[in-house]
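Q: Below are the sequence and a predicted model; questions follow.
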Amino acid sequence: MEPFTNDRLQLPRNMIENSMFEEEPDVVDLAKEPCLHPLEPDEVEYEPRGSRLLVRGLGEHEMDEDEEDYESSAKLLGMSFMNRSSGLRNSATGYRQSPDGACSVPSARTMVVCAFVVVVAVSVIMVIYLLPRCTFTKEGCHKKNQSIELIQPLAANGKLFPWTQMRLPTNIVPLRYELNLHPNLTSMTFRASVTISVQALQDTWNIILHSTVRISRVTFMSAVSSQEKQVEILEHPRHEQIAIVAPEALLAGHNYTLKMEYSSNISSSYRGFYGFSYTDESNEKKYFAATQFEPLAARSAFPCFDEPGFKATFIIRIIRDEQYTALSNMPKKSSVPLEDGLVKDEFFESVKMSTYLVAFIVGEMKNLSQDVNGTLVSIYTVPEKVGQAHHALETAVKLLEFYQNYFEIQYPLKKLDLVAIPDSKAGAMENWGLVTFREETLLCDNNTSSVADRKLMTKIIAHELAHQWFGNLVTMRWWNDIWLNEGFATFMEYFSLEKIFKELSTYEDFLDAQFKIMKKDSLSSSRPISSSAQSSQQIGEMFDPLSYIKGASLLLMLKTFLSEDVFQHAIVLYLHNHSYGSIQSDDLWDSFNQVTNQTLDVKKMMETWTLQKGFPLVTVQRKGKELFVQQERFFLNMKPGIQPSNASYLWHIPLSYVTDGGNYSEYRSVSLLDKKSGVINLTEEVGWVKVNINMNGYYIVHYADDDWEALIKQLQRNPHVLSDKDRANLINNIFELAGLGKVPLQRAFDLINYLGNETHTAPITEALFQTGLIYNLLEKLGHMDLASRLVARVFKLLQNQIKQQTWTDEGTPSMRELRSVLLEFACTYKQENCCTAAMKLFDDWMASNGTQSLPTDVMTTVFKVGAKTEKGWSFLLKKYNSIDSEAEKNKILEALASSENVQKLYWLMKTSLDGDIIQTPKLYFIIRTVGRHFPGHLLAWDFVKENWNTLVKKLHARSYTMRSIVAESTHLFSTKAHLSEVQAFFENQPEANLQLRYVQEVLEVIQLNIHWMEKNLKSLTWWL
């Protein structure tokens, strides 16, 4: 792509129109309950001019209870026969009656009609008879066991496809795959074959599995015969399924072998087996290929039973060019040179695992390795970046040892590879034995990686290694329980770092994540973390922050309530009982109930959190020695007609509290509130009470006026009586309650008046986040004077802390992160001498041609200030294209995207979408930064609209990246005009219509912004 030039660039046509909208604002973000019949209307096939539905009984496959929503298809079938009796009655009019009442001899025409009717009647009776045990009612066709007969779709060749459902039948299970691959990284194609050993659990004629590749030949062999037989294959592209029609009946208990030869393109869309090119340090073009199969993309690399419950072992062989390295899940067994400079690598047979965990990589790589009790831990990178792998190796070794001790189960493989992929959309993927990462989440440059960069890298490694047990060793049976994978891995990520990297204070990050996910979970568009997922759209939407952060929050709450020892005992039992198996949520709760000896019904308690969306608002009122508590759903929508009935919402809430006479080290959860209201007896009258100690419970607390006042006074007298977690929790709760209208906004500002005495990162970060939301809404609506007054008020509270900051990397990790936050705030709003100091550092750095080192923790702030000038912006862009450090590149990119020049902003987004100079996975990061600042918040949405088709093609409409792009480009809209525009846009998009949960979320966020400003603008103007 050509370099950026101002004079050639045109802005999107809607940029000026959007700036003319009438304005009005608020805050928030998330989801929608889907209801989808796997058999779509266009799959109901009719024979031309024959008006005969294509129907067949599927007697060998019974339906699960959760498949009863296919009833609508059966209704179609039933209604097609409903009028058969009336039709027969009407046909009697072909007979004439004589005046004396006797029947005359029918005419010839009548005889013909009668004969036709008889044939039709006999045909109908035969069809009814051939449908096994089928009873027709006004509801349709039902078996005696209430299963529903399904209408069969057609295969691609026009024949009947013998399976109707999205999920595969369970009559055949895979035992072992042998996969042979020969990728060509220049043409981005591959040829392959797969041999699958299967076992029949029930008698059948068909083998149904998944595939989207071009299959050229299929052969079949039974265990008792060594003769291969070529067999017919039927394709059902809509469900990405194929059917192998066996030449003989497959008998229960017998084993069979399928062999398929096929070819396909190496994907360019970051899913499946995908490839790309990149430029190395010598400016030479290089090629690389890797896999990203979760959740549904293994089928695009090889035909397989692509559901997590179908576990099998895998033998993988890869033919590659000799300059490349090939990696897979297991250690390499052999490498055999072939002709024409090719090498064939074979890997040892894997442990039993799900298809989404299979992985292979081909590219030029180097590695660092260390042995850990018989397991070789290695970090792989492109050759020039192997020097940035030391920190990752040290971190992975410590975490592997910790997890093996904590889970009391040894890591089962002989090697654990962590690979930095030069171009990847996923932050990381937990493939068993071959974990993949984006470069910036694995590599650490000592000169440019800040403490925040190192912490992020450490957290992601901890998350992916936890998956080697939670997800890989024990796997959810279906995607509705993906929270068991992601919630546990997220919980262990923070729990492990608190144990072995305590100095990183990762609890601050978890608090921040909890606050943000609760904002999403308070929307009507939220969902239960365990909810139905059948279609690919629904499965994709399960990979959201609710599964990760809410899942982890619920586990933290349970651990705190039961005690750490009981919690550990239960999960060790769970892992031991279900190793190499597939589970459901009930299996986890059964392990807890076994450990607690039924003294607490953990399943009953936790299902109130996993099977209903949202979370409770606990209202507390202190009267003498009693605390009166009651619960209701915390629901952000303030419109009276939308507030849901609280009658159906009830949680079992572990309540904990501390008082002015309490001791943090001795607190315990004193009550389980499993009713709408209750009373807690105190041992003495107290001055104040703080409920939900350290934010260990997933709920918000609202106090009576006197109790809020007592807490505010305590913070002003001595805030450190309360922990920094509790101080941050109070700030979050009171601002969220103000948004709900439960407390005046002014009282929330009264609470943060103590911030001049705050010394910890978490409370200051939360205060800046909450006030920043208000600032952004005011600014985007043009209330610049009011926004400036808000900033001045916050700056006055924090001015002492800001003045104490130095432009260095000194101090503890928490102190260093606080420095970054405070100096970023001061320079963004042009306070004090911040911009002057940052500009001097930037000028000196630029004068050295970027060779002079900058303090890593303030580097982003320095770059942002420097990018405000034309010369500075151009120099940063030049450096972006010449440096190797991904950490430094990200800091430069954030600075470039913070420009006030809309032509530059548009060029950045377009260049990233093209993917040549700036990789396409960086686009989300750019749009997020552009959309948060005044010059770009309309431009970002215009760009998304005008490039929607390209975005969908490259990133997929249902992907997490696309969800994030849409959210970040619209979340600060607060006018009815913008609401209508966004809604109309998605109504006209077949790929992302209003049924997508994230579309419901963004619309709700805009509505809430509008309502918030309508409610608060006048009072803000009056007292701020």
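A: All right, it came through fine.
Q: Quick one: residues contacting Arg299.
A: Counting by C-beta atoms under 8 Å, 6 or more residues apart in numbering, Arg299 makes contact with His210, Ser211, Thr212, Val213, Glu240, Asp306, Thr355. C-beta: built from backbone N, CA, C; applies to glycine.
Q: Next one, pLDDT for the closest residue to Trp873 other than its chain neighbours please.
A: Excluding the flanking residues, the one nearest Trp873 by C-beta to C-beta, 6 or more residues apart in numbering is Ala867, at 4.8 Å. pLDDT for Ala867: 97.
Q: for Ala867, what are its contacts?
A: Contacts of Ala867 by C-beta under 8 Å, 6+ apart are Trp873, Leu876, Ala895, Leu896, Ser898, Ser899.
Q: Ok, Ser378 next?
A: Shown in contact with Ser378 (C-beta under 8 Å, 6+ apart): Asn367, Leu368, Ser369, Leu393, Lys415, Leu416, Asp417, Leu418.
Q: do the same with Glu503
A: Glu503 neighbours (C-beta under 8 Å, 6+ apart): Thr812, Pro813.
Q: Tell me if I am right that it is in a helix.
A: Yes. According to DSSP: H, G, I helix; E, B strand; the rest coil, Glu503 belongs to a helix.
Q: what about it, distance to Asp857?
A: Glu503 is 15 Å from Asp857, where distance means C-beta to C-beta, to the nearest Å.
Q: Phi first, then psi, for Val618.
A: Val618 has phi and psi values of phi -100, psi 120 when expressed as degrees, to the nearest 10.
Q: Could you check how far it is from Gln631?
A: Counting by C-beta to C-beta - Val618 and Gln631 are separated by 5 Å.
Q: Please enumerate the shared neighbours of the two.
A: Residues touching both Val618 and Gln631 (C-beta under 8 Å, 6+ apart): Ile653, Leu673, Tyr699.
Q: Wait, the first one touches Gly697, no?
A: Yes. Counting by C-beta atoms under 8 Å, Ile653 sits close enough to Gly697 to count as a contact (6.7 Å).
Q: quick one: low-confidence ranges for the stretch 901-1024 of the chain?
A: Regions of the stretch 901-1024 of the chain meeting the criterion pLDDT under 70 cover residues 991-994.
Q: Okay, and the closest residue in space to Thr1021 that isn't next to it in sequence sits in which element?
A: Take Thr1021 and drop its neighbours on the chain: the residue closest to it by C-beta to C-beta, 6+ apart is Leu786, 6.2 Å away. Assigned by DSSP states H and E, Leu786 belongs to helix 784-803.
Q: How about exporting that helix as CSV, limited to the C-alpha atoms?
A: The C-alpha trace of helix 784-803 is given here as CSV (Å, rounded to 0.1, in the frame of the first residue of the first chain):
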residue,chain,number,x,y,z
MET,A,784,-17.1,21.1,26.6
ASP,A,785,-17.4,23.5,29.5
LEU,A,786,-19.1,20.9,31.7
ALA,A,787,-16.5,18.3,30.6
SER,A,788,-13.7,20.7,31.5
ARG,A,789,-15.2,21.4,34.9
LEU,A,790,-15.4,17.6,35.6
VAL,A,791,-11.8,17.1,34.7
ALA,A,792,-10.7,20.0,36.8
ARG,A,793,-12.5,18.5,39.8
VAL,A,794,-10.9,15.1,39.4
PHE,A,795,-7.5,16.7,38.8
LYS,A,796,-7.8,18.7,42.0
LEU,A,797,-8.4,15.5,43.9
LEU,A,798,-5.3,13.8,42.5
GLN,A,799,-2.9,16.7,42.0
ASN,A,800,-0.7,15.7,44.9
GLN,A,801,-0.2,12.2,43.6
ILE,A,802,0.4,13.5,40.1
LYS,A,803,3.1,15.9,41.3
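Q: Quick check: next helix or strand after the helix or strand hosting Ile361?
A: According to DSSP H and E, Ile361 maps onto strand 360-363. Counting by DSSP H and E, the element after strand 360-363 in chain order, helix or strand, is strand 366-372.
Q: For that next one, the averaged confidence score.
A: The average of the pLDDT scores along strand 366-372 is 98.
Q: Between strand 366-372 and the helix or strand following it, find me the angle.
A: Downstream of strand 366-372, the first helix or strand assigned by DSSP H and E is strand 375-381. Angle, strand 375-381 to strand 366-372, by axes from the mean of the first three to the mean of the last three C-alpha atoms, to 10 degrees: 160 degrees.
Q: ok, and for strand 375-381, which residues are buried?
A: Thr375, Val377, Ser378, Ile379, Tyr380, Thr381 (16 or more other C-beta atoms under 10 Å).
Q: which residues are in contact with whichever helix or strand comes after that strand?
A: Counting by DSSP H and E, the element after strand 375-381 in chain order, helix or strand, is helix 390-407. If you take C-beta under 8 Å, 6+ apart as the criterion, helix 390-407 is touched by 368-370, 372-373, 375, 377-379, 410-411, 416, 418, 442-444, 454, 457-458, 461-462, 465-466, 468-469, 492, 496, 499-501, 568, 571-572, 575.
Q: looking at the chain, which helix or strand does the model trust least?
A: Ranking every helix and strand in the chain by mean pLDDT, DSSP states H and E puts helix 71-82 at the bottom, with a mean of 32.
Q: Excluding chain neighbours, what is closest to Thr808?
A: In space, and not counting its chain neighbours, Thr808 is closest to Pro855: 5.2 Å by C-beta to C-beta, 6+ apart.
Q: Who are the contact partners of the one you found?
A: Pro855 touches Trp807, Thr808, Asp809, counting by C-beta under 8 Å, 6+ apart.
Q: Among the residues you listed, the buried ones, what's the PyMOL command?
A: Buried subset of those, written as a PyMOL selection, criterion 16+ other C-beta under 10 Å:
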select buried, resi 807+809
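Q: Return the closest of the contacts of Pro855 with respect to Ile151.
A: Among these, Asp809 lies closest to Ile151 (C-beta to C-beta), at 66.4 Å.
Q: List phi and psi for that closest one.
A: phi -110, psi 30.
Q: Just say helix, strand or coil for the closest residue to Gly471 other than its chain neighbours.
A: Computed as C-beta to C-beta, 6+ apart, the closest residue to Gly471 that is not its neighbour in sequence is Asn485, at 3.9 Å. Following three-state DSSP, we place Asn485 in the helix state.
Q: all strands for the stretch 101-250 of the chain, in order.
A: Secondary structure of the stretch 101-250 of the chain by DSSP state E, counting those that start in this stretch: the strands cover 134-137, 140-143, 172-184, 189-200, 204-210, 214-222, 229-230, 232-236, 241-250.
Q: Equivalent analysis for the stretch 401-550 of the chain, please.
A: Per DSSP E, counting those that start in this stretch, the stretch 401-550 of the chain carries strands over the ranges 415-421, 428-429, 434-438, 474-476.
Q: Show me where the stretch 151-300 of the chain dips below the pLDDT cut-off.
A: Regions of the stretch 151-300 of the chain meeting the criterion pLDDT under 70 are absent.
Q: Please apply the same query to the chain.
A: Counting by pLDDT under 70, the chain shows low-confidence ranges at 1-150, 638-647, 662-669, 832, 991-994.
Q: Quick one: residues contacting Leu711.
A: Trp688, Lys690, Tyr703, Leu730, Leu751.
Q: Selection in PyMOL covering whichever of those residues are buried, please.
A: Of the contacts of Leu711, the buried ones can be selected in PyMOL as follows, counting by 16+ other C-beta under 10 Å:
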select buried, resi 688+690+703+730+751
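Q: from the contacts of Leu711, which is closest to Leu737?
A: Using C-beta to C-beta, the contacts of Leu711 come closest to Leu737 at Tyr703, 9.3 Å.
Q: Identify the bridge partners of the closest one.
A: Per DSSP bridges, residues listed as beta-bridge partners of Tyr703: Val620.
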